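# Fold the following.
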Amino acid sequence: MTSESTNKEDVLHAARAFVQEEASKHSDGHDWSHIERVTKLAGRLAQHMDADPFVCELAALLHDVPDEKLNDSLEAGMGKLNNWLDTQPLDFTTRELVVNIISTISYAGGQGATVSSLEAQVVQDADRLDALGAIGIARTFAFSGARGREMYDPALPPREQMTREEYRKGRSTTINHFYEKLFKLKDLMNTSYGKELAEQRHEYMVQFVEQFKQEWEGTDR
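This next block holds a predicted model:
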């Protein structure tokens, strides 16, 4: 094993330890199991798309560290991320690429930045895939429960247009979140393999929401 590969393994080991401690503070769908799944998906996608596996794995591990939902502010979160990166022996190019990935993959109410590298496309797809399917449904209800959001209100329609601030703080429901974000993700996937995986997960969610509404109204058979 070369010193460079040893160095990369050391960085990844340190990242796992750091993120495990950070993720232990959250039980709203942004826990360590979410990070593990996204990292595993990013590895699969990187292999299929011939992306840099180290950059994808490191960015996937760290992607939630600066999330403004999990910090006092986006600035505070980015400060936390950069303080940790300062402790790691990363070259400037790799560090900048990882920071750029983490800074641009958020959905942000549809107002997120355009990803600019293959590795960013991979990590964004991996994160979005974990918002879809059975896991996506479970995470959506876990997050809504943690934030005190009601499950459903037929009188409150999904929002079609919203600012980043409205997306974060405006009144909505758990079921509306499927229309405001989750049902849109299938068509926003970047990679061919990501699109393939998203199709099945998307259909599962559509069926769930239809069944949910039927049971809510008492019209299921």
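# got the contact list for L188?
Contact analysis of L188 by CB atoms under 8 Å, 6 or more residues apart in numbering lists R128. Every C-beta, even on glycine, is put in place using the N, C-alpha and C of the backbone.
# Distance check, it against E210.
Here the criterion is CB to CB, to the nearest Å. By it, L188 lies 22 Å from E210.
# Any chance you could spot the residue sitting in the middle of the chain?
D127 (3.5 Å; CA atoms, centre = their mean).
# Now that it has come up, it's in contact with V38, right?
Yes: D127 is within contact range of V38, at 5.2 Å (criterion: CB atoms under 8 Å).
# Overlap of the contact sets of the two?
With CB under 8 Å, 6+ apart as the test, D127 and V38 both reach A60, H63.
# which helices and strands sit right next to the longest helix along the chain?
The longest helix of the chain (DSSP state H) is helix 192-217. In terms of contacts (3 or more CB pairs under 8 Å, 6 or more residues apart in numbering; DSSP states H and E), helix 192-217 is packed against helix 32-49, helix 118-129, helix 133-147, helix 174-180.
# could those helices be laid out in a markdown table, adding mean pLDDT and distance to E217?
Formatted as a markdown table, the helices and strands packed on helix 192-217 follow (pLDDT from 0 to 100; distance: least, CB to CB, whole Å):
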| stretch | mean pLDDT | distance to E217 |
| --- | --- | --- |
| helix 32-49 | 96 | 32 |
| helix 118-129 | 97 | 30 |
| helix 133-147 | 94 | 19 |
| helix 174-180 | 96 | 12 |
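# out of those, nearest to E22?
helix 32-49 (8.8 Å; CB to CB).
# From L118, how far off is H26?
29 Å.
# How much space separates the closest residue to D153 other than its chain neighbours from M189?
Excluding the flanking residues, the one nearest D153 by CB to CB, 6 or more residues apart in numbering is T173, at 5.3 Å. Distance check for T173 against M189: by CB to CB, it reads 25 Å.
# Mind checking which of those two has more residues around it?
M189 (22 against 19; other CB atoms under 10 Å).
# May I have the residues that are in contact with the more buried one?
M189 is in contact with D125, R128, K195, A198, counting by CB under 8 Å, 6+ apart.
# List phi and psi for it.
Dihedral pair for M189: phi -70, psi 150, per degrees, to the nearest 10.
# Give me the neighbour count for the closest residue in space to it that isn't next to it in sequence.
Counting by CB to CB, 6+ apart, M189 lies nearest to K195, which is 4.4 Å off, once chain neighbours are set aside. Applying other CB under 10 Å, we find 14 residues neighbouring K195.
# neighbour-wise, which of the contacts of M189 leads?
Of the contacts of M189, with other CB under 10 Å as the count, D125 tops at 28 neighbours.
# Enumerate every residue touching that one.
D125 sits next to L41, L45, M189, N190, T191, Y193, G194, A198 when contact means CB under 8 Å, 6+ apart.
# can you put the residues you listed in JSON lines and add distance to S33?
As requested, those are exported to JSON lines (distance: CB to CB, whole Å):
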{"residue": "L41", "distance to S33": "13"}
{"residue": "L45", "distance to S33": "19"}
{"residue": "M189", "distance to S33": "22"}
{"residue": "N190", "distance to S33": "24"}
{"residue": "T191", "distance to S33": "23"}
{"residue": "Y193", "distance to S33": "22"}
{"residue": "G194", "distance to S33": "20"}
{"residue": "A198", "distance to S33": "20"}
